[in-house]
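K.L.:
Task: produce atomic coordinates for the following.
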Amino acid sequence: MKVIRDVRKHRPLLNTAIKKYGHSVEHNLHHYLATEAPGSALVAFSFPGGMYALGNLKNDVLGLFPDGILAPPERRFRILQDILSYALVRNKMKKVTLEVSEPFRREIVSGLAASRRFRACRANGILYWPVFRMELFDSRLKGRRWKKMRNIRNRFAKHHRIRTVDSKKVPKGKLLAVLRQWERKRRHSDTVTREYYQNVIGSGFRGFRTAKTIYVDGEPCTITAGWNVQNGEKHYYSAIGILNYRHKGLGEFANLMDLILLKKKGYKLVDFGGSGYSLLNFKNKFRPQHMYKTYLFSIVRRK
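P.N.:
All right, here's what the predicted structure looks like:
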């Protein structure tokens, strides 16, 4: 195993690994690079055969990128064990934090159960990820089951002047204003840091397939952005959904417009992103067909 601290210099190799072994909606190199924040440093681990693991160092904690081991499924736990030895034994770090899919979480817990060196802690968070099969999403919102959403859309469109533009063409200062207003409302309910969104906006949404902003009555009020999922046929990850909460029904309207646009573009699956249970209730208004979970937890050295 080789430790890579100058991650940005290794971007071509990391991108090759993502293209070959990418298996999570978050496996996007520019998305990973945007997670760097003051007080922390990106770090990667290289393994024979072009396999990598992506992480972030902060103080005495190594945080692995969500499902960030880029390797065949049968090799991921072995790679994780090597990383644990490096972080918790050789460098005596406090813990390694992870966010992984439910099947890999079970494999880790089972694999470490008999370990004399490491222990998987109880999950301290669960994220719920709704997924839409676009062939089943009715963009016309017909029928009784869509009545409430149809009324929200129609009222919003009737009472406001609406214009949708490419977010890259919106002044960055105005996008950052939307971010600040969103953050004031959601300060304790989002796991992604402010720096991430600032980095994305500052880069001009580099690595994103689409980025859209809705102007309401002449004011930019939303940011929705995402990318094509690696190794997923016509699969889209709606990674960012931000609004300034200035108007009633804005959240519902923005997400409906996003889904309608993505259906027009021919996507088969749309992942609406991970969130806690309270935000999942909002996302369920749009009637996803499937939901999966990821688990946030830590691994520590046994005493």
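
K.L.:
What ranges does the stretch 151-300 of the chain have for its strands?
P.N.:
Secondary structure of the stretch 151-300 of the chain (DSSP state E, counting those that start in this stretch): strands at 162-166, 210-216, 219-220, 222-228, 235-243, 269-271, 290-301.

K.L.:
Tell me who's in contact with Ala225.
P.N.:
Ala225 sits next to Ser167, Val200, Phe205, Phe208, Thr210, Ala211, Lys212, Ser238, Ala239, Ile240 when contact means Cβ atoms under 8 Å, 6 or more residues apart in numbering. (Glycine included, C-beta is placed from N, CA and C.)

K.L.:
at 10 Å instead, please
P.N.:
Neighbouring residues of Ala225 by Cβ atoms under 10 Å, 6 or more residues apart in numbering: 167-168, 197, 200-201, 205, 207-213, 237-242, 258.

K.L.:
now swap in Asp67 and tell me
P.N.:
Here Asp67 is in contact with 22-27, 54, 76, 98-101, 104, 294 (Cβ under 10 Å, 6+ apart).

K.L.:
likewise Arg206?
P.N.:
For Arg206, the contacting residues are Leu29, His30, His31, Leu33, Ala34, Lys168, Asn199, Val200, by Cβ under 10 Å, 6+ apart.

K.L.:
Return the subset of the residues you listed lying in helices.
P.N.:
Using DSSP state H, the subset of the contacts of Arg206 located in helices is Leu29, His30, His31, Leu33, Asn199, Val200.

K.L.:
And Arg8, how close does it get to Lys168?
P.N.:
Using Cβ to Cβ, to the nearest Å, one gets 22 Å for the distance from Arg8 to Lys168.

K.L.:
With Glu252 instead?
P.N.:
Distance from Glu252 to Lys168, by Cβ to Cβ: 25 Å.

K.L.:
Could I get the buried residue list for the lowest-mean-pLDDT helix or strand in the chain?
P.N.:
One helix or strand of the chain scores below all others by mean pLDDT, DSSP states H and E: helix 277-283, with a mean of 90. Under the neighbour-count criterion of 16 or more other Cβ atoms under 10 Å, helix 277-283 has Leu279, Leu280, Lys283 buried.

K.L.:
Next up, the contacts around Gly111.
P.N.:
Phe77, Arg78, Leu80, Gln81, Phe118, Ala120.

K.L.:
Which two of those residues have the greatest separation?
P.N.:
The largest separation in these, counting by Cβ to Cβ, is between Arg78 and Ala120 at 15.7 Å.

K.L.:
higher neighbour count, these two?
P.N.:
For the pair Arg78 and Ala120, the greater number of neighbours falls to Ala120 (20 against 12), based on other Cβ atoms under 10 Å.

K.L.:
dump the residue contacts of Phe286.
P.N.:
Taking Cβ under 10 Å, 6+ apart, one finds Pro130, Phe132, Phe137, Trp146, Met149, Glu252, Asn255, Leu256, Asp258, Leu259, Val270, Phe272 in contact with Phe286.

K.L.:
right, and the fourth one touches Asp138 too?
P.N.:
Yes: with contact taken as Cβ atoms under 10 Å, Trp146 and Asp138 are classed as touching, separated by 6.5 Å.

K.L.:
Mind checking the strands of the stretch 151-300 of the chain for the one nearest to Ser85?
P.N.:
When the strands of the stretch 151-300 of the chain are compared by Cβ to Cβ, strand 290-301 sits nearest Ser85, at 9.9 Å.

K.L.:
could you say what helices and strands that closest one packs with?
P.N.:
strand 61-70, helix 73-84, strand 95-101, helix 102-112, strand 118-120, strand 125-133, strand 269-271 (3 or more Cβ pairs under 10 Å, 6 or more residues apart in numbering; DSSP states H and E).

K.L.:
got the angle for that strand vs strand 61-70?
P.N.:
Interaxial angle, strand 290-301 versus strand 61-70 (axes from the mean of the first three to the mean of the last three Cα atoms, to 10 degrees): 130 degrees.

K.L.:
Would you indicate which residues of strand 290-301 are buried?
P.N.:
Neighbour-count burial for strand 290-301 [16+ other Cβ under 10 Å]: Thr294, Tyr295, Leu296, Phe297, Ser298, Ile299, Arg301.

K.L.:
Next: stretch 234-241.
P.N.:
So, applying 16+ other Cβ under 10 Å, buried residues of stretch 234-241: His235, Tyr236, Tyr237, Ser238, Ala239, Ile240, Gly241.
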